[in-house]
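Student: predicted model follows, preceded by the sequence.
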There are 2 protein chains.
Amino acid sequence: MTHSPVRIAIFGYGNIGRAIEQAILTANDMTLIGIFHHDQMEQLIQKQPDVVLLGVPSRQVSDAVEQLLRQGLLTVDSFDIHTKIPEVHRRLDRTAQEHQAVSILSAGWDPGSDSMVRALMQALMPQGITYTNFGPGRSMGHTVAARSIEGVRDALSMTIPLGTGIHRRMVYIELKEGYNFDEVKDRILHDDYFCHDETHVVQVPDVQALNNVAHGVHLIRQGVSGTTHNQEIELNMRINNPALTGQIMVACARAAMRMKARKQFGCYTMIELAPIDLLDGEREQLIAQLV
Amino acid sequence: MTHSPVRIAIFGYGNIGRAIEQAILTANDMTLIGIFHHDQMEQLIQKQPDVVLLGVPSRQVSDAVEQLLRQGLLTVDSFDIHTKIPEVHRRLDRTAQEHQAVSILSAGWDPGSDSMVRALMQALMPQGITYTNFGPGRSMGHTVAARSIEGVRDALSMTIPLGTGIHRRMVYIELKEGYNFDEVKDRILHDDYFCHDETHVVQVPDVQALNNVAHGVHLIRQGVSGTTHNQEIELNMRINNPALTGQIMVACARAAMRMKARKQFGCYTMIELAPIDLLDGEREQLIAQLV
């Protein structure tokens, strides 16, 4: 059985937008109908894509998605402000249902595929503790926070996993001329982004020379299945961060199309998606291959 | 919001049946209404449980599930003959849809939660190779095969992972009186269950003294996200085998109830389930906690 390819538009074209583009070009069941910058919403809507993949910053996601859903378009975003996900989910769920659309919220690896694994781990061992250990890898949020500190010309904040969900921050900075390193370092250490974690500030001549999009995660849960203790499960990943995020968003576009075909309108996070819906292929063939 | 507990019946009461029982007793949203042996199908049906969890051997699963689905009852089984899953799935899917019921097929860790992880890994890295490495742990199928060999009083076949999906079989046997070890060993090595793998046969005085329900798996995929190679993800698990199987079946009973409430009638393998449906709790709370 052949289907006509899913018509995808990309909205926002930074690191993630480019990664989405590469993932679409390798997908046999999709075709890219256009890339639109954040000021080209009207042009995008006129194209009537099947699914819009958003590569805009998280704080712009919910308004843009809302606007697209009102046009009945399907959306996938990688909104990553963990604490605001429930509120954004509620808002977009209402709009998606009203307009018989589907929106996949927070598609990426964390939040995203890690969330699916955390949910699965909890199902396997309902009693227990899950630790999410990030890195080593660049934290975009902490990097932006460090760059905004007075006296910093450029910065890179690396997240180093210390186990049990505890992280060290390694902050590499270039100093602006006329500033004193110890004073700038002190401002970083007292900033709200850094004061709760073990943080080391290191002065370097060229921050860009340190840059690397590698990232990783180690998820581990020790718990109880039924009445049996000492059950253990862990997941390890070492990846190119934007490439994986773009790939996952493309997989979620597939899931959005399938939910729409089943009239399951609404806004969904990845823990609400069945893994099979992320994959290209026919149901029976995927069951035979993967189960 | 409080719901009345899901009324569960257990059909078949061996290792898995007992593990299911323990998992139900620790679940706040379920109540066990009865345990039925394989000759008590009529009594079971009279009790009209919400979901029947089957602890019968795999070869008895499809007929028993078929019978229960025809009564409109929901079912969860741990059918584990990988090669026959597509055929059983097709048959039970038809019956479940006809009778507006839901059946979860092959609920366990492999097939089961491992299948979900394999599907997820493939979504993250569509091009690449996944290896499933089992053990160390007892293989029930190989143990039964070894026990049936002439001259064997009792046997235990352990699966040892050698990496890249290749396994060693360590077969511990008690010899029947009057048999020659080298001849029996030769019969095992030439048996169809063992002749394709590296197999070692060891004579022991007491097989039961070696028994242990611990098992494990190492799933690993190296692949490509978009156009980016060298992406790597792995899952490790060390578990009590029946305890985990029972726990997963109970989680799948929850998913069956939710699929029924959404009128998604049919037979599903675990790759067709959303992880959130496996968990006790309200949607918004689970999203806030796990995404």
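Tutor: Yep, that arrived.

Student: what does the stretch 1-150 of chain A have sitting close to chain B?
Tutor: Residues of the stretch 1-150 of chain A lying close to chain B (C-beta under 8 Å from any C-beta of the partner chain) are A:19, A:22-23, A:25-27, A:82, A:85-86, A:89-90, A:106, A:109, A:111, A:113, A:115-120, A:122-127. Using the backbone N, CA and C atoms, a C-beta is placed for each residue, glycine as well.

Student: one more pass at 6 Å, please.
Tutor: By the rule C-beta under 6 Å from any C-beta of the partner chain, the part of the stretch 1-150 of chain A lying against chain B is A:19, A:22-23, A:85-86, A:89, A:111, A:113, A:115-116, A:118-120, A:123-124.

Student: wait, what's in contact with the most centrally placed residue in chain A?
Tutor: By C-alpha atoms, centre = their mean, chain A has its centre lying nearest to A:G108, at 3.1 Å. Under the criterion of C-beta atoms under 6 Å, 6 or more residues apart in numbering or on different chains, the neighbours of A:G108 are A:78, A:245, A:248.

Student: now the second one: how far from A:P111?
Tutor: Just to be clear, that refers to A:T245. Per C-beta to C-beta, to the nearest Å, A:T245 is found 11 Å from A:P111.

Student: those two - which one has more neighbours?
Tutor: Set side by side, A:T245 and A:P111 show more neighbours around A:T245, with 28 against 24, by other C-beta atoms under 10 Å in any protein chain shown.

Student: that one - that's part of a helix, no?
Tutor: Yes - under DSSP: H, G, I helix; E, B strand; the rest coil, A:T245 sits within a helix.

Student: with adjacent residues omitted, what lies nearest to it?
Tutor: Counting by C-beta to C-beta, 6 or more residues apart in numbering or on different chains, A:G108 is the residue found nearest to A:T245 once chain neighbours are left out, at 4.5 Å.

Student: can you tell me the SS state at the residue of chain A positioned farthest from its centre?
Tutor: No residue in chain A sits farther from the centre than A:G178, which is 38.1 Å out by C-alpha atoms, centre = their mean. With three-state DSSP as the basis, A:G178 sits in coil.

Student: re the thing from before, among the contacts of A:G108, which one sits closest to chain B?
Tutor: Nearest to chain B among the contacts of A:G108, counting by C-beta to the nearest C-beta, is A:I248 at 6.3 Å.

Student: what strand or helix carries the closest one?
Tutor: Element membership of A:I248, judged by DSSP states H and E, is helix A:241-261.

Student: so for that helix, what gets flagged as buried?
Tutor: A:241-260 (16 or more other C-beta atoms under 10 Å in any protein chain shown).

Student: pull the residues that contact it.
Tutor: Outside helix A:241-261, the residues that reach it (C-beta under 6 Å, 6+ apart) are A:6, A:15-16, A:19-20, A:23-24, A:27, A:51, A:53, A:74, A:76, A:78, A:102, A:104, A:107-109, A:112, A:213, A:215, A:273, A:277-278, B:123, B:225-226, B:228.

Student: what subset of those is buried?
Tutor: Buried subset of those (neighbour count, 16+ other C-beta under 10 Å): A:6, A:16, A:19-20, A:23-24, A:27, A:51, A:53, A:74, A:76, A:78, A:102, A:104, A:107-109, A:112, A:215, A:273, A:277-278, B:123, B:225-226, B:228.

Student: just the helices in chain A please.
Tutor: A:15-25, A:41-47, A:58-70, A:85-98, A:113-124, A:140-147, A:181-190, A:241-261, A:283-290 (DSSP state H).

Student: show me what the second one is packed against.
Tutor: Judged by 3 or more C-beta pairs under 6 Å, 6 or more residues apart in numbering or on different chains; DSSP states H and E, helix A:41-47 is in contact with strand A:30-36.

Student: 7 Å instead?
Tutor: In terms of contacts (3 or more C-beta pairs under 7 Å, 6 or more residues apart in numbering or on different chains; DSSP states H and E), helix A:41-47 is packed against strand A:6-11, strand A:30-36.

Student: quick check, distance from the longest one to the centre of its chain.
Tutor: The offset between the C-alpha centroid of strand A:30-36 and the centroid of the whole chain comes to 20 Å, using C-alpha atoms, centre = their mean, to the nearest Å.

Student: which residues does it contact?
Tutor: Residues outside strand A:30-36 that contact it (C-beta atoms under 7 Å, 6 or more residues apart in numbering or on different chains): A:5-11, A:13, A:17, A:21, A:24-25, A:43-44, A:47, A:49, A:250, A:253.

Student: quick one, that strand and strand A:6-11 angle?
Tutor: 20 degrees (axes from the mean of the first three to the mean of the last three C-alpha atoms, to 10 degrees).

Student: now strand A:30-36: buried residues?
Tutor: So, applying 16+ other C-beta under 10 Å, buried residues of strand A:30-36: A:30, A:32-36.

Student: can I see the domain layout of chain A?
Tutor: In terms of domains, chain A is parsed into A:6-111+A:242-290, A:127-225 (source: automatic domain parsing).

Student: could the ones you listed go into TSV alongside mean pLDDT and distance to B:E183?
Tutor: Below are those laid out as TSV (pLDDT from 0 to 100; distance: least, C-beta to C-beta, whole Å):
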stretch	mean pLDDT	distance to B:E183
domain A:6-111+A:242-290	97	40
domain A:127-225	97	42
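
Student: and the ones you listed, which is most packed in?
Tutor: Highest mean neighbour count among these (mean count of other C-beta atoms under 10 Å in any protein chain shown): domain A:6-111+A:242-290, with a mean of 21.

Student: how long is it from one end to the other?
Tutor: When the termini of domain A:6-111+A:242-290 are compared using C-alpha to C-alpha, to the nearest Å, they are 24 Å apart.

Student: how far off centre is that domain?
Tutor: 11 Å.

Student: sorry, back to before: got the angle between the helix holding A:I248 and strand A:30-36?
Tutor: Relative orientation of helix A:241-261 versus strand A:30-36 (the same axes, to 10 degrees): 110 degrees.

Student: now A:L54: closest residue in space, sequence neighbours ignored.
Tutor: Distances taken as C-beta to C-beta, 6+ apart place A:D77 nearest to A:L54, at 4.2 Å, with adjacent residues excluded.

Student: wait, doesn't the one you found sit right on A:L105?
Tutor: Yes - the criterion here is C-beta atoms under 7 Å, and A:D77 meets it with A:L105 at 6.3 Å.

Student: gap between A:N230 and chain B?
Tutor: Distance of A:N230 to chain B, computed by C-beta to the nearest C-beta, to the nearest Å: 8 Å.

Student: and if you look at A:R283?
Tutor: 8 Å.

Student: also A:T31?
Tutor: 16 Å.

Student: go on, A:N180?
Tutor: 41 Å.

Student: excluding its backbone neighbours, what's nearest that residue?
Tutor: A:N180 sits nearest to A:G151 (C-beta to C-beta, 6+ apart), 7.7 Å away.

Student: which residues touch the one you found?
Tutor: A:175-176, A:179, A:183-184.

Student: closest to chain B out of these?
Tutor: Nearest to chain B, judged by C-beta to the nearest C-beta, of these is A:L175 at 33.5 Å.
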